[in-house]
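K.L.:
Any chance you could fold what I've pasted below:
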Amino acid sequence: MLATLQRLSQQTRIQYGLMLVFGALCILVAVAPLADPLRLTAVGTLFGFTAGLWVSHLVQVLGRAAGTDRTDVAVGD
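P.N.:
Numbers count the residues shown, from 1 in each chain. Below is the predicted model of the structure:
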């Protein structure tokens, strides 16, 4: 598994790390003994950060994949 992580680009490793951090914080805050409005706001915000990072990563991966396949497409035909 370490070999797989080492093959990833630095940007991808950072995105995975931030997703892990925000996801773990989201779970920790969800079970924390806080007042409901504060807990709901914090969990929603942390989940939003996690989801935003995931979507950003997905767009990056799809953009990279589309960039490599674009050489097969004839433009203007």
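
K.L.:
sec struct for Ala32, please.
P.N.:
coil (DSSP: H, G, I helix; E, B strand; the rest coil).

K.L.:
mind listing what's buried in the helix or strand hosting Ala24?
P.N.:
Here Ala24 sits within helix 10-30, counting by DSSP states H and E. Within helix 10-30, the residues scored as buried using 16 or more other C-beta atoms under 10 Å are 15, 18-19, 22-23, 25-26, 29. Quick note: C-beta positions are derived from backbone N, CA and C, even for glycine.

K.L.:
repeat for stretch 34-46
P.N.:
For stretch 34-46, by 16+ other C-beta under 10 Å, it's 42-43, 46.

K.L.:
Repeat that for stretch 49-61.
P.N.:
So for stretch 49-61, counting by 16+ other C-beta under 10 Å, buried means 49-50, 53-54, 57.

K.L.:
Now do that stretch: everything it contacts.
P.N.:
Residues from elsewhere that reach stretch 49-61, judged by C-beta atoms under 8 Å, 6 or more residues apart in numbering: 11-12, 15-16, 18-19, 22-23, 26.

K.L.:
now that stretch: how far from the chain's centre is it?
P.N.:
Here the centre of stretch 49-61 is set off from its chain's centre by 4 Å, with C-alpha atoms, centre = their mean, to the nearest Å.
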